[in-house]
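Peer 1: model the following, please.
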Amino acid sequence: MENNESKINDENNENKENKEIKENKENKDNKGNKEKQGKVKLFNQRFEKVEFLGGGSYGSVYKVELKDKPGEYYALKKFKEYKNNNREGFNVSAIREFTILKELNHENIEKVIDIFYGINCLYIQFEYLECVLSKLTQKEKRAQINITPADIKGIMLQILTGLAEIHDNGILHRDLAPSNILINKNGVVKIADFGLSRFIASPDKPMTRGVVTIFYRAPEILFEAKFYSFAIDVWSAGCILGELLLQKVLFKGSNDIEIMKEIFTLLGIPNENNWPDAVQLKRYKVFKGGPAVTIQKQFAKFPQECRDLLEKMLTLNPNKRITAKEALKHPYFTTEPLPSNKERIAEIVREYIRLRQYANNNKV
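Peer 2: Alright, predicted model coming up:
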């Protein structure tokens, strides 16, 4: 009888403990939800969403206005929370982007303001920049906005200045593309989107493959090199220069093989003479093809200094590719016409804004 009473008492105590644990958990959950709701309330009190700027697998980007300071705008990148059996938390690129940008403080690099949580999401607050370079490389826009050779020099000079600063800090951008180059109303060109960026790895640590938007992907990335350097960013910058000049994507394709064929048609096929290390890479294969078109022929209507810089930035062998700092000293930037200043580039941005507003006002 005593054993039965003891058993009943033990069960009662266990039930009581389980009830207390459950109540504590519910209280913590409620407290957490209230904290999240409070943060969202604070967010809604602080910001007014003005415009959806874009999005991707990570989440969305909005133009927002400070409610207590009308006319003061920011870009707000919203990262979705992972919620499934295998992954929880936020995309590592969000934390990486914030951490790296906090290390960088330069006129030609996008400025990060703050990071904070909402309900099942993470926000990063950036300065708002009025124009994205990809809108100025499109042929139809160029028909409306006059962009001169001097303007192209001015834009590239600022891009390479920002890139040199990034590399000086031991950072690889790994996604340099016109869609990640922004320009503010004062004509300052800034490198943005550091979600794929990382500090340079030690020489014996393999690096992530398949980085960089495909059109701007260097040959060593296409060949799946385990190790790569700052040269991949310089290649991307060379592709951007080529795109600004031709008003179209330089190397276009739907997959890596098509991009490789485009590259090798222009620059020639990699071999032991022009790129000895290429034959050791995982995806190296012997491509068939005729003589290279060459940059000299493809860009024949542009000055020799321009063609020479392109050749040096788009060298197949990454070990022989020019650096961002070396590119800044190239004669291309010191010969006539000289690079446009910020005031002139600001005029381009104002014209872009005017055309965009006109288009929005005349939508059916």
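Peer 1: tally of neighbours for the nearest residue to Glu51 once chain neighbours are set aside?
Peer 2: The shortest distance from Glu51 to any non-neighbouring residue, by C-beta to C-beta, 6 or more residues apart in numbering, is to Lys63 (4.2 Å). In this view, the C-beta of every residue, glycine as well, is placed from N, C-alpha and C. For Lys63, the count of nearby residues is 16 (other C-beta atoms under 10 Å).
Peer 1: cool, Leu172 as well?
Peer 2: 26.
Peer 1: got it, and Arg209?
Peer 2: Neighbours around Arg209, by other C-beta under 10 Å: 14.
Peer 1: swap in Gly154?
Peer 2: Gly154, neighbours per other C-beta under 10 Å, totals 24.
Peer 1: now do it against Lys342, distance only.
Peer 2: The gap separating Gly154 from Lys342 is 8 Å, by C-beta to C-beta, to the nearest Å.
Peer 1: please report phi then psi for the residue nearest to Glu51.
Peer 2: Main-chain torsions, Lys63, degrees, to the nearest 10: phi -90, psi 130.
Peer 1: so what's it bridging to?
Peer 2: Glu51, Ala75 (DSSP bridges).
Peer 1: from Gly118, how far out is it?
Peer 2: 17 Å.
Peer 1: one more: Leu267?
Peer 2: 47 Å.
Peer 1: can you check Phe98 too?
Peer 2: 15 Å.
Peer 1: show the pLDDT at the closest residue to Glu110 other than its chain neighbours.
Peer 2: In space, and not counting its chain neighbours, Glu110 is closest to Ala192: 4.0 Å by C-beta to C-beta, 6+ apart. Here, the pLDDT recorded for Ala192 equals 96.
Peer 1: so what's Ala192 up against?
Peer 2: With contact taken as C-beta atoms under 8 Å, 6 or more residues apart in numbering, Ala192 is in contact with Glu110, Phe126, Leu129, Asn180, Ile181, Leu182.
Peer 1: skipping adjacent residues, who's closest to Lys153 in space?
Peer 2: Pro339 (3.8 Å).
Peer 1: what about the one you found, how many neighbours?
Peer 2: Count around Pro339 with other C-beta under 10 Å applied: 19.
Peer 1: same thing with Gly289?
Peer 2: Other residues close to Gly289 by other C-beta under 10 Å number 11.
Peer 1: hmm, it is touching Glu262, no?
Peer 2: No - Gly289 lies out of contact with Glu262 (C-beta atoms under 8 Å); the separation is 11.0 Å.
Peer 1: output the below-cut-off pLDDT ranges for the stretch 1-150 of the chain.
Peer 2: Across the stretch 1-150 of the chain, the ranges flagged by pLDDT under 70 are 1-44, 57, 82-91.
Peer 1: same thing with the stretch 251-364 of the chain?
Peer 2: 286, 364.
Peer 1: re earlier: what sits against the residue nearest to Lys153?
Peer 2: Contacts of Pro339 (C-beta under 8 Å, 6+ apart): Ala150, Lys153, Gly154, Met156, Leu157, Phe333.
Peer 1: do Leu328 as well
Peer 2: Per C-beta under 8 Å, 6+ apart, neighbours of Leu328: Leu157, Leu160, Thr161, Ala164.
Peer 1: the same query, at a cut-off of 10 Å, please.
Peer 2: Met156, Leu157, Leu160, Thr161, Leu163, Ala164, Ile322 (C-beta atoms under 10 Å, 6 or more residues apart in numbering).
Peer 1: and those residues, which of them are buried?
Peer 2: Met156, Leu157, Leu160, Thr161, Leu163, Ala164, Ile322 (16 or more other C-beta atoms under 10 Å).
Peer 1: so which of those residues is the closest to Val92?
Peer 2: Leu163 (23.3 Å; C-beta to C-beta).
Peer 1: what secondary structure does the closest one sit in?
Peer 2: With DSSP: H, G, I helix; E, B strand; the rest coil as the basis, Leu163 sits in helix.
Peer 1: which ones are touching it?
Peer 2: When contacts are taken as C-beta under 10 Å, 6+ apart, Leu163 is in contact with 108-109, 171, 173, 176, 191, 230, 233-234, 236-237, 323-325, 327-328.
Peer 1: how close does Arg198 get to Leu172?
Peer 2: In terms of C-beta to C-beta, Arg198 sits 6 Å off from Leu172.
Peer 1: need the residues touching each of the two.
Peer 2: Contacts common to Arg198 and Leu172, judged by C-beta under 10 Å, 6+ apart, are Ile100, Met207, Thr208, Val211.
Peer 1: phi, psi for Glu48 please.
Peer 2: Torsion angles, degrees, to the nearest 10, at Glu48: phi -120, psi 120.
Peer 1: my guess is it contacts Gly71, does it?
Peer 2: No - the criterion here is C-beta atoms under 10 Å, and Glu48 misses it with Gly71 at 11.4 Å.
Peer 1: for the chain, which segments count as strands?
Peer 2: 47-56, 59-66, 73-83, 88-90, 112-118, 121-127, 131-132, 171-172, 181-183, 189-191, 198-199 (DSSP state E).
Peer 1: out of those strands, which gets nearest to Leu355?
Peer 2: strand 131-132 (10.8 Å).
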